[in-house]
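>>> turn this into a structure:
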Amino acid sequence: MMKTVGLSLALAALVVGAGVAVAQAPSPAAQTPAAKPAAPARSDFVSGYLPRGAAPNSLAFIPAPPAPGSASQARDDAMAKAARALKGTPRWDQATEDANLKFPRAADTFACAMGVEISPETTPRLYTLLRRTLTDAGLATYPSKTKYQRQRPFVVKGGDICTPEADAGLRKDGSYPSGHSAVGWAWALILAEAEPDHQDAILARGRAFMQSRVVCNVHWISDTEAGAMVGSAVVVRLNDDPVFRADLDAAKAEIAAARAAGHAPTRDCKAEAAALPAEPTSAP
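Residues are numbered from 1 along each chain as shown. Prediction:
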């Protein structure tokens, strides 16, 4: 199993490190649809499509996290307890896999749902699109993460997590909203648009990807739901960007070509399908 780092911590390194790759991304007017893919940045992340100030401000449209003692927090507690019971099951293994946002492995997260391989060789424009939108969606969670600094389930309730190597960093990083969920749901919406014939399976996989954060004991269910709101807002904004639209159109053609050439997913899709139905559903 490949090691992973917290999404927010890796993006933080990108933001505060040399170059401020995302914050200083050029405006759409300065780019053309034929622009070359962004150069790799620190922590395996690349510049997003959205220039400085263009990303949705999550503080403006998501609510504050559930208050202690509230019905919403009771729901979070119940879901977290149910999730901890999945440790050691195939669903836990799948959640551990979903925690890994390092490329090239992360590129084919939705490959089984789409029924086609996603890789830098078979779908290069789509591959770059996924990398760039990961940055856009992840960074959009920062205003709320910074403000609320919500503690994660394993900090509050104890229990193991899928990525113990990231324990120390996750304890210092705000739980609300979930950056992984913002990315996963943004990807689901983008890929559903790119491959509408498989949109139901893609959206179901996006939901399962978010649920993996609860299974891993690193996010409350309300974190993931808020993350999905952020991811949706980012995709709305991205659809106004001409470079993103050009890459999405190119991605549609790549997917069709890869399917016609018989490039099947390299993941174990049978194992994934068997693992994903096992989700925590308990609620008060």
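>>> ok, then the element right after the host helix or strand of residue 246?
Element membership of residue 246 [criterion: DSSP states H and E] is helix 242-260. Per DSSP H and E, helix 242-260 leads on to helix 269-275 as the next helix or strand towards the C-terminus.
>>> for that next one, which positions count as buried?
Under the neighbour-count criterion of 16 or more other CB atoms under 10 Å, helix 269-275 has 272, 275 buried. The C-beta positions use only the backbone N, C-alpha and C, and glycine is treated the same way.
>>> could you name the helices and strands sitting against that helix?
helix 90-98, helix 111-114 (3 or more CB pairs under 8 Å, 6 or more residues apart in numbering; DSSP states H and E).
>>> could you list every residue that touches the residue sitting nearest the centre point of the chain?
Nearest to the geometric centre of the chain sits residue 183, at 2.5 Å (CA atoms, centre = their mean). The contact partners of residue 183, taken as CB atoms under 8 Å, 6 or more residues apart in numbering, are 7, 101, 133-134, 137-138, 231.
>>> in which helix or strand would I find the closest residue to it other than its chain neighbours?
Closest residue to residue 183 apart from its sequence neighbours, by CB to CB, 6 or more residues apart in numbering: residue 137 at 4.6 Å. If you go by DSSP H and E, residue 137 is part of helix 124-139.
>>> I'd like to know which elements that helix is packed against.
helix 7-16, helix 179-194, helix 221-238, helix 242-260.
>>> so the last one versus helix 221-238, what angle?
If you take axes from the mean of the first three to the mean of the last three CA atoms, to 10 degrees, helix 242-260 sits at 100 degrees to helix 221-238.
>>> just to revisit the earlier point, give the buried residues for the helix holding residue 137.
For helix 124-139, by 16+ other CB under 10 Å, it's 125-139.
>>> can you check stretch 183-195 too?
Neighbour counts over stretch 183-195 (16+ other CB under 10 Å) mark 183-192, 194-195 as buried.
>>> buried set for stretch 143-160?
In stretch 143-160, counting by 16+ other CB under 10 Å, buried: 143-145, 148, 150, 152-155.
>>> looking at the helices and strands packed on helix 269-275, which is nearest to residue 211?
helix 90-98 (7.9 Å; CB to CB).
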